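Colleague: Sequence and predicted structure are below.
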Amino acid sequence: MAAFKTLDNIGCVAGKRVLVRVDLNVPMADGKVSDATRIERVAPTITELSGKGARVILLAHFGRPKDGPDPALSLAPIATATAEVIGRPVGFAADCIGEKAAAAVSAMKDGDVLLLENTRFYKAEEKNDPAFVEQLAANGDIFVNDAFSAAHRAHASTEGLAHKLPAYAGRTMQAELEALEKGLGNPVKPVVAIVGGAKVSTKIDLLMNLVKRVDALVIGGGMANTFLAARGTDVGKSLCEHDLATTAKQIMIEAAGAGCAIILPSDGVIAREFKAGAANETVAIDAVPADAMILDVGEKTVATINEWIDRAATLVWNGPLGAFEIEPFDKATVSAARHAAARTKAGKLVSVAGGGDTVAALNHAGVADDFTYVSTAGGAFLEWMEGKELPGVEVLKA
Ligand SMILES: Nc1ncnc2c1ncn2[C@@H]1O[C@H](COP(=O)(O)OP(=O)(O)OP(=O)(O)O)[C@@H](O)[C@H]1O
Ligand SMILES: O=C(O)[C@H](O)COP(=O)(O)O
């Protein structure tokens, strides 16, 4: 792995304006942060820089705004949550460039922390527009990237700024790269991957590559329904991207060719409503009623998954096995997570997990600390798994 400039190389930051790219794309429920892990991960970089007298200006995105500013995707509530985590005030500016940002930055004192509004309120962010990079850079003297989980995006605040200002990896970026290299650079075989969650369309291409690298791929969550449907199983009203059936079939063909076992659910927990405590039952996967949704994998499937975990030397996990936020549809995720954690604690498994919701699920199961490494990255984690170069990381290479 190439060497990176880190905070150890940054020199004196007292009085300097340090633009710190963080990933505050955290899960929210009822307008409040429901899992603060990503904030906790960037807290050491913020407090270290602030403690050294830097004026710490946080840049972040939230969600995927479609047409400019969207009040529902404002970072304002996350400034409050960040202040709670770091134990000191965090100011907020209602824009990431222009007069509002400049005024808030010029009012900062040494050691202050300020969060700027969602960078994705400008399309120029995602286009890595040089003029937008200039506008962001106008508020800083130094750039620190502590957002590994957004490093797969070649955006202005994740890549462009590193060309414009002296650039360093933050403590979390540094830790993440070191741990992933150790855990995944050269994994001990057999390698088993568990991929679940809802985002079928964003993960399906990644699965195509994963099947070439792992010995077994467990597919759970909403994602499994697309594979089941492609195989001809009726998944009723379950979350399912029927238009991706051909891709799912292709992945299964690729897996067979690469000698990768694909493990799909053999039973599912079904309900008619997507809400906590909804009436539910476990049925064989080929007996899902037309008006029901599969919201979790069933007990037989969990037993199979746990057997695969027993066979694995390395486990890579992204995405929950069911709608874990809603009880009782958290059971499979909790069971498999605890099983993997126990194997890890016994020294029999290297377990690496990544993904915002995955981290929330492992925390919910109470085992996040027992995994070998838990990355807060979703897409970046999987792209790393594919061996792809991440633009936000490449640009930091010394
Ligand atoms: N069977 C299912 N039906 C509907 N939703 C499901 C099902 N299984 C899982 N989910 C949902 O998938 C979501 C998590 O998927 P996601 O792909 O976002 O996970 P992740 O990759 O860990 O997170 P992130 O993409 O934020 O890094 C959860 O909200 C969960 O409720
Ligand atoms: O949640 C994530 O994985 C990161 O914040 C990146 O978000 P994105 O997939 O919307 O770029």
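Modeller: Good, I have the coordinates. Ligands and ions are numbered 1, 2, ... in the order given.
Colleague: count of neighbours near the residue of the stretch 101-250 of the chain found nearest ligand 1?
Modeller: Proximity of the stretch 101-250 of the chain to ligand 1 (C-beta to the nearest ligand atom) peaks at residue 197, 2.4 Å away. For every residue, glycine as well, the C-beta is placed using N, CA and C. Residue 197 has 24 neighbours, counted by other C-beta atoms under 10 Å.
Colleague: same check, this time on the one 3 residues further on
Modeller: By other C-beta under 10 Å, the residues close to residue 200 number 23.
Colleague: can you check residue 179 too?
Modeller: Around residue 179 there are 15 residues (other C-beta under 10 Å).
Colleague: for the one helix or strand it maps to, packing partners?
Modeller: In this assignment (DSSP states H and E), residue 179 forms part of helix 171-184. Counting contacts by 3 or more C-beta pairs under 8 Å, 6 or more residues apart in numbering; DSSP states H and E, helix 171-184 packs against helix 37-51, strand 314-318, strand 350-354, strand 373-375, helix 379-385.
Colleague: I'd like the next helix or strand past it.
Modeller: strand 191-195.
Colleague: now the angle between strand 314-318 and that following strand, please.
Modeller: If you take axes from the mean of the first three to the mean of the last three C-alpha atoms, to 10 degrees, strand 191-195 sits at 10 degrees to strand 314-318.
Colleague: Just checking the helix or strand that strand 191-195 is followed by against ligand 2, any contact.
Modeller: Next helix or strand after strand 191-195 toward the C-terminus (DSSP H and E): helix 200-210. No - applying C-beta under 6 Å from any ligand atom, one finds helix 200-210 separated from ligand 2 by no less than 7.2 Å.
Colleague: Report the beta-bridge partners for residue 195.
Modeller: According to DSSP bridges, the partner residues bridging residue 195 are residue 219, residue 318.
Colleague: Verify the contact between it and residue 219 for me.
Modeller: Yes - using C-beta atoms under 8 Å, residue 195 is in contact with residue 219, at 5.8 Å.
Colleague: what is in contact with the two at once?
Modeller: Listed as contacting both residue 195 and residue 219 by C-beta atoms under 8 Å, 6 or more residues apart in numbering are residue 207.
Colleague: These two: who's more crowded?
Modeller: Legend: neighbour count by other C-beta under 10 Å for residue 195 and residue 219, higher for residue 219 (28 against 25).
Colleague: quick one, what contacts the closest residue to residue 315 other than its chain neighbours?
Modeller: In space, residue 315 comes closest to residue 351 once its chain neighbours are excluded; the distance is 4.6 Å by C-beta to C-beta, 6 or more residues apart in numbering. By C-beta under 8 Å, 6+ apart, the residues touching residue 351 are 314-315, 317, 340-341, 343-344, 371-373.
Colleague: Also residue 138?
Modeller: Residue 138 makes contact with 97, 102, according to C-beta under 8 Å, 6+ apart.
Colleague: From residue 96, how far off is it?
Modeller: Look at residue 138 and residue 96: by C-beta to C-beta, to the nearest Å, they are 11 Å apart.
Colleague: just residue 216 next, same as before
Modeller: For residue 216 relative to residue 96 (C-beta to C-beta), the value is 43 Å.
Colleague: Those two: who's more crowded?
Modeller: More crowded of residue 216 and residue 96, by other C-beta under 10 Å: residue 96, with 28 against 22.
Colleague: isn't there a strand covering that one?
Modeller: No - inclusion of residue 96 in a strand is not indicated when DSSP: H, G, I helix; E, B strand; the rest coil is applied; the result is coil.
Colleague: Residue numbers of the stretch 101-250 of the chain in contact with ligand 1?
Modeller: 196-199, 221-222, 239.
Colleague: can you redo these as CSV with pLDDT?
Modeller: Formatted as CSV, those follow (pLDDT from 0 to 100):
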residue, pLDDT
196, 95
197, 92
198, 89
199, 69
221, 97
222, 95
239, 96
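Colleague: out of these, which one sits closest to residue 162?
Modeller: Residue 162 lies nearest to residue 199 out of those, by C-beta to C-beta, at 27.4 Å.
Colleague: Contacts for the helix holding residue 179, please.
Modeller: Applying C-beta under 8 Å, 6+ apart, the contact partners of helix 171-184 are 1, 4, 6-7, 41-42, 44-45, 48, 145-148, 151, 169, 314, 316, 350, 352, 372-373, 375-377, 381, 384-385, 393, 396.
Colleague: Whatever residue of the stretch 201-350 of the chain ends up closest to ligand 2 - nearest residue in space that isn't next to it in sequence?
Modeller: Here the residue of the stretch 201-350 of the chain nearest ligand 2 is residue 202; by C-beta to the nearest ligand atom that distance is 7.2 Å. Among residues not flanking residue 202 along the chain, residue 379 sits closest, at 6.7 Å (C-beta to C-beta, 6+ apart).
Colleague: is it true that residue 229 touches residue 239?
Modeller: No - here residue 229 lies out of contact with residue 239, judged by C-beta under 8 Å, at a distance of 10.6 Å.
Colleague: Quick one: residues contacting residue 153.
Modeller: Contacts of residue 153 by C-beta under 8 Å, 6+ apart are 126, 159, 391-392.
Colleague: do that again at 7 Å, thanks
Modeller: Contact analysis of residue 153 by C-beta atoms under 7 Å, 6 or more residues apart in numbering lists residue 392.
Colleague: quick one: pLDDT of it?
Modeller: With respect to pLDDT, residue 153 scores 97.
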